[in-house]
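Student: model the following, please.
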Amino acid sequence: MAYAIGHISGRHINPAISIGMVVAGRMKASEAAYYIFAQVLGAIAGAGILLAIASGKDGFDLTSDGLGQNGYGNFSPQHYSLLSGFLAETILTFIFLLVIFGSTSTKNIHGGFAGLAIGLSLVLIHIVGIPVTGVFVNPARSIGPALWVGGASITQLWLFIIAPIIGAALSAVVWRFVLDRD
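Tutor: Down below sits the predicted model:
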């Protein structure tokens, strides 16, 4: 998506990225609000499309099968605790945003490869994080399925909104005041 829509919106399909960009001074908060609204609507629509597709399978049950939503404790793929889930989502988002800041920096001499670096880092983050929470590092991506599935997905949703925002903000501060200094 970085190559497909990067020239249109900077490829912001994640509220954590938009918030991180605001904290890093790369985006205005008023502009980010519009992005976040669109990101959440897009995630809800995307999860609705996923539901329509999954419903075409014999025996599909939204309650038991879900839509790939996040979870911790009994709802974690491998039953990781709330603390483990919080740390994973925060740290993995922190790393993801550092890759984004570094690969899109005007000081980066390898600018044409930003999408590749971002995409590969997201693959690695998912390899590490899927067993812990189902990892999204994207509040919108967490909101979409949770609203359709309901139940525990809604009660646990706070973690998958707050932790990525904290990770993104911390990453932005480190980038802005430590790594991107002259």
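
Student: contact partners for Ala152?
Tutor: Ala152 makes contacts with 71, 74-75, as judged by C-beta atoms under 8 Å, 6 or more residues apart in numbering. Any C-beta I mention is one placed from the backbone N, CA and C, and that applies to glycine too.

Student: same check on Lys107?
Tutor: Asp180.

Student: try Val99
Tutor: So Val99 contacts 117-118, 121 (C-beta under 8 Å, 6+ apart).

Student: quick one on the thing from earlier: and which of the contacts of Ala152 is nearest Ser64?
Tutor: Phe75 (12.1 Å; C-beta to C-beta).

Student: Gln156 is in contact with the closest one, correct?
Tutor: Yes: checked against C-beta atoms under 8 Å, the pair Phe75 and Gln156 is within contact range at 6.3 Å.

Student: next SSE downstream of the helix or strand harbouring Pro145?
Tutor: Pro145 belongs to helix 139-149 when assigned by DSSP states H and E. Sequence order places helix 152-155 as the next helix or strand after helix 139-149, per DSSP H and E.

Student: dump the helix or strand hosting Gly119 to PDB, restricted to CA.
Tutor: Using DSSP H and E, Gly119 maps to helix 114-133. Below are the C-alpha coordinates for helix 114-133, written out as PDB (Å, rounded to 0.1, in the frame of the first residue of the first chain):
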ATOM      1  CA  ALA A 114      10.800   3.000   2.100                       C
ATOM      2  CA  GLY A 115       7.800   0.900   1.200                       C
ATOM      3  CA  LEU A 116       9.900  -2.300   1.100                       C
ATOM      4  CA  ALA A 117      11.500  -1.500   4.500                       C
ATOM      5  CA  ILE A 118       8.100  -0.700   6.000                       C
ATOM      6  CA  GLY A 119       6.500  -3.800   4.600                       C
ATOM      7  CA  LEU A 120       9.300  -6.100   5.700                       C
ATOM      8  CA  SER A 121       9.300  -4.700   9.200                       C
ATOM      9  CA  LEU A 122       5.500  -5.300   9.400                       C
ATOM     10  CA  VAL A 123       6.000  -8.900   8.300                       C
ATOM     11  CA  LEU A 124       8.600  -9.400  11.100                       C
ATOM     12  CA  ILE A 125       6.400  -7.700  13.600                       C
ATOM     13  CA  HIS A 126       3.600 -10.000  12.700                       C
ATOM     14  CA  ILE A 127       5.800 -13.100  12.900                       C
ATOM     15  CA  VAL A 128       6.700 -12.200  16.500                       C
ATOM     16  CA  GLY A 129       3.400 -10.800  17.600                       C
ATOM     17  CA  ILE A 130       0.700 -13.000  16.200                       C
ATOM     18  CA  PRO A 131       1.100 -15.700  18.900                       C
ATOM     19  CA  VAL A 132       0.800 -13.000  21.600                       C
ATOM     20  CA  THR A 133      -2.200 -10.900  20.600                       C
END
